[in-house]
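In: how does the following fold in three dimensions:
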Amino acid sequence: MRKVKEVEVVFADTDPLFLTHQMVNNLLIQKGRTVVNQSKSLINLQELEQRVETHPMIQRVEVSLGVVGDFRVSVVQRKPFAREYNKQGVFYIDSEGKKMPMSEVYSARVPILNNQNGYINTDEVFPLVQRIHDDMFLRKLVVTIKKDEQGYWLQTRFNHQQVLFGELINTAQKIKKLKVFYNYMENDSLSATFKKIDLQYNNQVVCSK
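Out: Coordinates of the predicted model:
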């Protein structure tokens, strides 16, 4: 006969929140009523979990009900790895390579996929997006990914340099060359004047102003 006294919403990670505690609370509706002050025996945990998981910012949720009527909701948010711009609009690409809507609460600082020309295939480029996200150096360096007739380009934070990545083959080798080049550039002031860095050739980096 005990009733739910209060709801505790817990986010499982420390990343910035794309939704608020109140937004989660608003999803805890059963038969048109909030769970607070409802009898424990009437609470359908599975139904509530499924309802909360329908929110497009949520990856996984676990709902539990304690002995004395404490109601706990543990939320795992989806993680954006990139932000894509195309003719249909703007959205995130999450950690699983799926589309994720923008949030009104927080804007993630992630690389931009400039796909206004429609050349980028999200499934094709996602492994590169993953590499950038998992590599601290690349995450700080790469601002934008785009594609044209020559292949993929990376725009960097450093002097807005354009890196011609080409086709997505020998990716690990190209990234290694890029890191070597920027390491060398720290001690060479002339390198900072280059505007284009071409990684398509074996065992070399071709630069131009």
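In: from here on, contacts and neighbour counts on C-alpha atoms
Out: Fine.
In: could I have the CA atoms of stretch 151-160 written out in PDB?
Out: Listed next in PDB are the C-alpha coordinates belonging to stretch 151-160 (Å, rounded to 0.1, in the frame of the first residue of the first chain):
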ATOM      1  CA  GLY A 151      38.000  13.100 -51.700                       C
ATOM      2  CA  TYR A 152      37.800  14.000 -48.100                       C
ATOM      3  CA  TRP A 153      39.200  17.200 -46.600                       C
ATOM      4  CA  LEU A 154      39.900  18.100 -42.900                       C
ATOM      5  CA  GLN A 155      39.900  21.700 -41.900                       C
ATOM      6  CA  THR A 156      42.100  22.300 -38.800                       C
ATOM      7  CA  ARG A 157      42.100  24.800 -36.000                       C
ATOM      8  CA  PHE A 158      45.600  25.700 -36.800                       C
ATOM      9  CA  ASN A 159      45.600  28.600 -39.300                       C
ATOM     10  CA  HIS A 160      42.500  27.100 -40.900                       C
END
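In: quick one: the helices in the chain?
Out: In the chain, the helices defined using DSSP state H lie at 21-25, 45-53, 122-134, 136-141, 171-185.
In: tell me the buried residues in the last one?
Out: Okay, so that is helix 171-185. Within helix 171-185, the residues scored as buried using 16 or more other Cα atoms under 10 Å are 171, 174-175, 177-178.
In: ditto for the third one
Out: Taking 16+ other Cα under 10 Å as the neighbour-count basis, helix 122-134 is seen to contain the buried residues 122, 125-126, 128-130, 132-133.
In: which residues does the most centrally placed residue in the chain bridge with?
Out: Central residue of the chain (Cα atoms, centre = their mean): residue 80, 1.2 Å from the mean position. Using DSSP bridges, the bridge partners assigned to residue 80 are residue 94.
In: before we move on, what about the one 10 residues further on?
Out: According to DSSP bridges, the residues that bridge with residue 90 are residue 85.
In: and which of the buried residues of helix 122-134 is nearest residue 11?
Out: Distances from residue 11 to the buried residues of helix 122-134, taken as Cα to Cα, are shortest for residue 133 (21.6 Å).
In: and the pLDDT for that closest one?
Out: pLDDT recorded at residue 133 is 96.
In: give me every residue that touches it.
Out: 81, 139 (Cα atoms under 8 Å, 6 or more residues apart in numbering).
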